[in-house]
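# sequence unknown, structure follows:
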């Protein structure tokens with residue numbers, strides 16, 4: 001079977017476990033602002049070097065523009081989010097944004113007041129949420145203090161990590177066995193203390209992803225700073241350390257590879273291009289699935305809270321916003337549009353929020 005051109009439909013690993021559309025009915029006054037599928041042969045195909053395609057391809061399809069819009073310069077974020085903007089305009093824009101997405105720390109009493117008679121379920125992204133964004137993804141370590149905060153949260157609330165990384169990789173970085181882990185944007189889910197995978201809705205794509213990963217490594221090997229990672233159910237091409245003048249080259253080469261794989265799609269993250277299976281699954285679907293698996297999907301006594309910083313987290317924010325099901329909290333130091341309800345500036349504020357949640361819960365138990 002040809003991995004590139006097969007048109008078979010994606011097969012869910014557990015079709016007997018549908019996702020319901022539960023709703024919590026959160027009052028409007030509380031809103032801050034009005035498993036095994038078909039197997040493939042594992043042969044790795046060698047793609048001959050083609051004549052360079054015109055860069056107009058990625059310019060016309062919006063890829064290059066999406067790369068720029070999803071990748072604000074890190075130095076400006078750290079030093080001055082409004083560099084080049086007048087002080088008055090910058091302060092006004094930031095103030096308006098904070099009205100729409102108020103700080104979860106300043107709004108903490110409102111959040112816990114609504115949660116008082118409900119069961120909180122915590123969902124956390126990893127990179128940019130529990131660990132700072134760094135140039136080398138292999139060195140994105142969470143602090144011991146953050147690990148302690150997450151551990152204490154998990155003592156009181158069901159807690160899941162939903163990351164774009166491989167599940168085993170993010171599990172090793174976090175180092176807490178009592179958590180639920182969803183790697184590859186929710187395509188690889190595991191329950192606490194269980195050796196077997198709970199859910200892998202794109203298992204049939206594994207040979208295809210591995211093949212594309214190897215091809216991407218080969219065709220980007222001459223681009224200084226480019227890094228390709230195999231996250232098991234998706235392949236990521238990082239361009240954080242690539243000169244911006246070469247971004248179009250990165251995009252074009254990924255684009256040319258995907259032309260031959262109609263069953264794979266490209267999504268944009270923070271200075272990363274991610275190749276994923278064409279399947280109706282994302283972090284939002286993973287949130288719904290985990291809630292159902294915990295037998296909490298249909299309960300009006302549940303308050304899911306999701307904290308994340310990336311574009312891929314918007315799918316989870318959207319799920320919680322629809323029908324006022326729960327709270328999405330965006331981690332960002334600059335104004336950006338989002339489906340979240342609240343915001344936190346950085347990982348330090350995330351840690352403060354988690355610690356505040358634990359103190360509130362322990363005090364309420366006295």
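Perfect, I can see it now. Only a predicted model underlies this, so the values are computations on that prediction, with no experimental measurement involved.

# hmm, which helix or strand of this protein has the shakiest average pLDDT?
Least confident helix or strand of the chain, by mean pLDDT, DSSP states H and E, is helix 74-79 with a mean of 40.

# So what does residue 303 look like in phi/psi?
phi -130, psi 100 (degrees, to the nearest 10).

# likewise residue 117?
phi -110, psi 20.

# same question, residue 300
Per degrees, to the nearest 10, the backbone of residue 300 is at phi -80, psi 0.

# Would you confirm that residue 299 contacts residue 121?
No. In this structure, residue 299 is not within contact of residue 121 by C-beta atoms under 8 Å, at 10.1 Å. Using the backbone N, CA and C atoms, a C-beta is placed for each residue, glycine as well.

# Neighbour count: the two, which is higher?
residue 121 (21 against 14; other C-beta atoms under 10 Å).

# where does that one sit relative to residue 199, distance-wise?
For residue 121, the distance to residue 199 equals 17 Å [C-beta to C-beta, to the nearest Å].

# Likewise for residue 342?
29 Å.

# what bits of the stretch 101-250 of the chain have low per-residue confidence?
194-197 (pLDDT under 70).

# show me where it has strands.
119-124, 159-162, 180-183, 188-190, 227-230, 235-238 (DSSP state E, counting those that start in this stretch).

# between the ones you listed, which gets nearest to residue 319?
strand 119-124 (10.0 Å; C-beta to C-beta).

# still on that earlier bit, would a markdown table of the strands of the stretch 101-250 of the chain with distance to residue 278 be doable?
Shown next, in a markdown table, are the strands of the stretch 101-250 of the chain (distance: least, C-beta to C-beta, whole Å):
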| stretch | distance to residue 278 |
| --- | --- |
| strand 119-124 | 24 |
| strand 159-162 | 20 |
| strand 180-183 | 19 |
| strand 188-190 | 17 |
| strand 227-230 | 18 |
| strand 235-238 | 14 |
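
# who wins for proximity to residue 361 among these?
Closest among these, once you apply C-beta to C-beta, is strand 119-124, at 8.0 Å.

# Name every strand pairing with the closest one and say which way it goes.
strand 159-162 (parallel), strand 302-308 (parallel) (DSSP bridges).
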